[in-house]
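K.L.:
would you be able to build a 3D model of this:
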Amino acid sequence: MLDRHAAKNCTTVAEMVATAQNLGHCDVVATLRLYGQISRGRQRALIMGQSCNDALKD
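P.N.:
Residues are numbered from 1 along each chain as shown. Take a look at the predicted model:
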């Protein structure tokens, strides 16, 4: 749940680092590797120019 919240709401690198630390990861790359995947539909929306908030809606 925390990773999903972070993906939708973190707007700075510091917020992502704090999230990674809260999850017990030694660095933010581990967090992004584990939880940073997006669906093809979201990927397409981002590439087509929709805002990140729009693309992350379920």
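
K.L.:
for the protein, which residue is closest to the average position?
P.N.:
Nearest to the mean C-alpha position of the chain, by CA atoms, centre = their mean, lies residue 7 at 2.8 Å.

K.L.:
what separates whichever strand or helix holds that residue from the chain centre, distance-wise?
P.N.:
Element membership for residue 7, per DSSP states H and E: helix 2-9. Offset of helix 2-9 from its chain centre (CA atoms, centre = their mean, to the nearest Å): 6 Å.

K.L.:
again with stretch 25-34
P.N.:
Put simply, stretch 25-34 sits 11 Å off its chain's centre (CA atoms, centre = their mean).

K.L.:
just the C-alpha atoms of it, please, in CSV.
P.N.:
Extracted C-alpha coordinates of stretch 25-34, given in CSV (Å, rounded to 0.1, in the frame of the first residue of the first chain):
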residue,chain,number,x,y,z
HIS,A,25,15.4,-0.7,1.3
CYS,A,26,19.0,0.4,1.3
ASP,A,27,18.5,2.7,-1.7
VAL,A,28,15.7,4.0,-3.9
VAL,A,29,16.7,1.9,-6.9
ALA,A,30,15.7,-1.2,-5.0
THR,A,31,12.3,0.3,-4.4
LEU,A,32,11.8,1.4,-8.0
ARG,A,33,13.0,-2.0,-9.2
LEU,A,34,10.5,-3.8,-7.0
